[in-house]
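S.K.: what's the 3D shape of this:
(2 chains)
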Amino acid sequence: MRDLAIETSGLVKTFGENRAVDGLDLTVPAGTVYGVLGPNGAGKTTAVKMLATLLRPDGGEARVFGHDVLREPDAVRSRVSLTGQYASVDEEMTGMENLVLLGRLLGHRKPAARDRAMALLEAFGLTEAAGRQVKTYSGGMRRRLDIAASILNTPDLLFLDEPTTGLDPRSRNQVWDIVRIVVAHGTTVLLTTQYLDEADRLAGRIAVIDHGRVIAEGTPGELKSSVGSGSVHVRLRDAAQRPEAERVLARELNTQVHPEADPVALTARIPGEDADAGAERASRALAALAASGIVVDDFSLGQPSLDEAFLALTDRALTDKEMEETAA
Amino acid sequence: MSATTTETGPSFVPAAETLGAVLAPGARPPRPSALSASLTFGWRAMLKIKHVPEQLFDVTAFPIMMTLMFTYLFGGALAGSPTEYLQFLLPGIMVTSVVMITMYTGVEVNKDIEKGVFDRFRTLPIWRPSTMVGYLLGDAFRYTMAATVILVVGLVLGFRPQGGVAGVVAAIALLVAFSFAFSWIWTMFGLLLRSEKSVMGISMLVLFPLTFLSNVYVDPRTMPGWLQAFVGVNPISHLVTAARSLMAGSPDTGEITWVLACGAVSIVVFGALTMRLYNRK
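M.R.: So this is what the prediction gives:
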């Protein structure tokens, strides 16, 4: 099992009544970016904390590079780094002091720690801010320092817990570029995110988790195609015709139609696996709208975005659960 | 990287070459020793003092206030004159002030533990207690400072210790060592309690009786029997007696041993509880 970075089975963590992680099974191959995608409260951070030896699991097993997180925490710690959701750097200290402190704690002698800190600050574009307290940094700079601290001793596995939450688009792009470079140099990255876009761009495989469980797993492409062939977006000329258009579309596509915030727009997901069949249904729906005298300004058929896939998957999981509960 | 890179950041573009160079896996140094890790965390505590020197207010102004207040409040009534009383009071007021300051350890730990940087420390392959020992090393510096401030104020007001420099230094060393050991109670509460305020509340509840129901201010012989019994077992009384004996130049080895043993027990018991909480947090 040398090429697995992470392997968990039936991992459980409860906080009182709340089962934050509820039987999590993950298999993360080494050398890739693995995305863990889920809404707030899905159990992403709790799962990462258990894998990084910060929290003790209440049940199940977790191995990092073959080392059990409970029995061999130091072996795990020597191979991983964590960039937490809230900056894992000391706000009151300067960027330089943060990195030197960490270098010393990783066993470097003072001159070596200082050299390493300077090289990292340079590589992350923080040289000029080196002597300033971190609390004066912008969100993007802070995040860069955080990642620099995480790769001080190039780790075999890097946990990035929602690395771009709260960052502006430019800083987010910088983080993405950094992640790509880090992975290209052989570090495995476990990335949690609530942005599908981010998982889509960076991750080779994605696990979608909700209520502490994996509800879908696969490549971004597989996840998208698993939820249907796409969706139609319709814009009407007259908002008054929307309820009628909604009825027609629901009937023709045999699916739920979502009115958008824009009073003339409607969206519907086309059920079914086959893209060709989906396109045919869509054109029938357009004809039916015209036949009912509804004026359509814009009609488009799109591949499902990962966002739609995500919503479909979490909805489906919810429905399954409700059915289970009714059956029980 | 070009010289035009500004410190505002947005112009930064991660470059594969420069980043690649720092990512090239160098030889990993062996993990630091327990002592080295603890000293590094001690250095962190000192850096914090450097960046926020205002926090030294409580180890300077507070002790000065305590010394002046009690010397002039009780001096005339209890010993005939403030200067007379000071010869008796100073070792005790020094112990009181420093022991009171130990509670800030718990407050600091409580504030810090919620920050993300602690998660990073806890994922490092280092000797686990070093984070806490680091705090206490920083605090030991603060204790020494407070003790020195009080000594200087005392000397100005007319305190003349018979034990000379050696006796005074030994007394301060004993006090700082005891406070270091005693502070593990606060690291425990700092990890156990949810807010700074509750840490403060508990600290006051423990420290006020411990410092006032002792032999710091008056001779316990005038107290009722039950109170004398408490004062007799109160570790602060023993510490004060030991410090007085050292400053007076006639070290009381029995009391000194008692104080050191008490400190050792505190480290073992509260150190273990602290680390248990730290690992479970």
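S.K.: CA only for contacts and neighbour counts going forward, please
M.R.: Will do.
S.K.: can I get whichever strand or helix holds A:A149 as PDB, trimmed to CA atoms?
M.R.: Here A:A149 sits within helix A:139-150, counting by DSSP states H and E. What follows is helix A:139-150, C-alpha atoms only, in PDB (Å, rounded to 0.1, in the frame of the first residue of the first chain):
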ATOM      1  CA  GLY A 139      -5.600  38.000   3.400                       C
ATOM      2  CA  GLY A 140      -3.700  36.800   0.400                       C
ATOM      3  CA  MET A 141      -0.200  37.500   1.900                       C
ATOM      4  CA  ARG A 142      -1.200  35.800   5.100                       C
ATOM      5  CA  ARG A 143      -2.300  32.800   3.200                       C
ATOM      6  CA  ARG A 144       0.900  32.700   1.300                       C
ATOM      7  CA  LEU A 145       3.000  32.900   4.500                       C
ATOM      8  CA  ASP A 146       0.800  30.100   5.800                       C
ATOM      9  CA  ILE A 147       1.600  27.800   2.900                       C
ATOM     10  CA  ALA A 148       5.200  28.800   3.000                       C
ATOM     11  CA  ALA A 149       5.300  27.700   6.600                       C
ATOM     12  CA  SER A 150       3.600  24.400   5.600                       C
END
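S.K.: quick one: average confidence on that helix?
M.R.: For helix A:139-150, the mean pLDDT works out to 93.
S.K.: now for that helix, which elements pack on it?
M.R.: strand A:80-83, helix A:95-105, helix A:110-123, helix A:169-184 (3 or more C-alpha pairs under 8 Å, 6 or more residues apart in numbering or on different chains; DSSP states H and E).
S.K.: and A:H233, that one's in a helix?
M.R.: No - counting by DSSP: H, G, I helix; E, B strand; the rest coil, A:H233 is not part of a helix but strand.
S.K.: specify the beta-bridge partners of it.
M.R.: Counting by DSSP bridges, A:H233 forms beta bridges with A:T267, A:S300.
S.K.: now do it against chain B, distance only.
M.R.: As judged by C-alpha to the nearest C-alpha, to the nearest Å, A:H233 and chain B stand 36 Å apart.
S.K.: check contacts around that residue.
M.R.: If you count contacts by C-alpha atoms under 8 Å, 6 or more residues apart in numbering or on different chains, A:H233 has them with A:265-268, A:298-302.
S.K.: just the residues you listed now: which is nearest A:L286?
M.R.: A:F299 (7.8 Å; C-alpha to C-alpha).
S.K.: the closest one and A:V232 touch, don't they?
M.R.: Yes - contact criterion C-alpha atoms under 8 Å: A:F299 and A:V232 qualify, at 7.1 Å.
S.K.: between those two, who's got more neighbours?
M.R.: A:V232 (24 against 16; other C-alpha atoms under 10 Å in any protein chain shown).
S.K.: that one contacts A:G278, correct?
M.R.: No - between A:V232 and A:G278 there is no contact, the gap being 9.6 Å when judged by C-alpha under 8 Å.
S.K.: quick check: neighbours shared by the two?
M.R.: Common contact partners of A:V232 and A:G278 (C-alpha under 8 Å, 6+ apart): A:I270.
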